[in-house]
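Enquirer: Here is my input; please provide its structure:
(one chain, ligands or ions: 1)
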Amino acid sequence: MTGDFDDILTANKEFAEDFTLSGFDGVAHAGIAVVTCMDSRIDPLGMLGLKPGDAKIFRNPGGRVTEQALEALVLGVHLLNVNRVLVIPHTRCAMSSSTLEDVRRRVGESAGQDASWQTFSMVTDQEAALRDDVHKVQAHPLIPDSVKVGGFVYDVDTGLINPIV
Ligand SMILES: [Zn+2]
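Expert: Below is the predicted model:
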């Protein structure tokens with residue numbers, strides 16, 4: 001790793017020079033938790049008009065409500081001031097526009113070896129998956145009805161989030 005991250009470490013030193021987030025607590029000051037995709041086109045805070053300190057962000061391929069996402073949301077709701085949850089997959093997501101076979105083939109080609117054993121949580125119907133995911137949050141026994149849960153799709157071409165459920 002020697003040298004591999006020098007550019008990042010340099011940038012981090014500059015960041016730390018005018019660091020303003022020290023002394024921050026870890027609660028979500030705007031009461032918001034977001035589950036969204038790892039896609040680099042998404043700026044989860046910026047697209048919602050939020051700033052550091054405002055929200056809990058959980059990201060994974062596809063922006064899915066996985067077991068670990070639920071773990072994060074339960075912690076958020078009970079210990080970190082979360083009272084609204086937004087689940088936000090996005091348009092042109094590779095997880096919903098490719099097939100499992102295709103992704104395994106492409107990863108296998110890149111890796112130069114068999115990738116057929118690797119799990120990829122592909123989505124065949126993004127809107128149906130989103131409805132299921134929102135329901136998973138609402139139905140969780142440790143997430144009370146007072147917590148508002150919404151499902152949206154972020155449009156990577158316009159920057160708008162469209163309410164779905
Ligand atoms: Zn995506």
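Enquirer: Would stretch 151-165 count as contacting the ion?
Expert: No - contact between stretch 151-165 and the ion is absent, the nearest approach being 8.6 Å (criterion: CB under 5 Å from the ion). C-beta coordinates here come from the backbone N, C-alpha and C atoms, glycine included.
Enquirer: Close to the ion: what parts of this structure are there?
Expert: Checking the chain against the ion by CB under 5 Å from the ion, the hits are C37, D39, C93.
Enquirer: at 8 Å what do you get?
Expert: With CB under 8 Å from the ion as the criterion, the chain meets the ion at residues 37-39, 42, 61-63, 89-90, 92-96.
Enquirer: which residues are contacting the helix or strand harbouring A69?
Expert: Per DSSP states H and E: A69 is located in helix 67-79. Outside of helix 67-79, the residues within contact range by CB atoms under 8 Å, 6 or more residues apart in numbering are 28, 33, 35, 56, 58, 60, 65, 82-83, 85, 136-137, 140, 142-144, 147.
Enquirer: Report how many residues lie close to D102.
Expert: Counted with other CB atoms under 10 Å, the neighbours of D102 add up to 13.
Enquirer: Is it correct that it falls within a strand?
Expert: No - D102 is assigned helix when assessed by DSSP: H, G, I helix; E, B strand; the rest coil, not a strand.
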